[in-house]
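> fold the following for me, if possible:
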Amino acid sequence: MLIGGGELFKQYLPIADKLYLTEIQAEIDGDTFFPQIDWTEWQIEFEQYCPADENNPYDCRFLILQRINRTDS
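Numbers count the residues shown, from 1 in each chain. Model (predicted):
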């Protein structure tokens, strides 16, 4: 498991087989973001949408992605 900043995600994404991802449905100002994903390499195993509520100001989506195409060099 890897919990870290943008550079760590960028380094380890090519060797990851599974991603547990939370997408915030908003444009957020910031300096660190998860790298772009090639969606042709991933299959959604689980997806749950959560609307904004009194505790969470933004809609979000929880995903579990499994890699389907492995191209090792």
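> what segments of the chain are helices?
6-12 (DSSP state H).
> and the strands in it?
Taking DSSP state E to define them, one finds strands in the chain at 18-24, 42-50, 60-67.
> from residue 67, how far off is the residue nearest the centre of the chain?
Centroid check for the chain by C-alpha atoms, centre = their mean gives residue 21 as the closest residue, at 3.4 Å. Applying C-beta to C-beta, to the nearest Å, the value for residue 21 to residue 67 is 13 Å. Quick note: C-beta positions are derived from backbone N, CA and C, even for glycine.
> any weak-confidence spans in the chain?
1-4, 70-73 (pLDDT under 70).
> next, the residue of it most remote from its centre: phi, psi?
Using C-alpha atoms, centre = their mean, the residue of the chain lying farthest from its centre is residue 54. It sits 24.2 Å away. Main-chain dihedrals, residue 54, degrees, to the nearest 10: phi -70, psi -20.
> from residue 26, how far out is it?
Residue 54 is 17 Å from residue 26, by C-beta to C-beta.
> again, but for residue 14
The gap separating residue 14 from residue 26 is 28 Å, by C-beta to C-beta.
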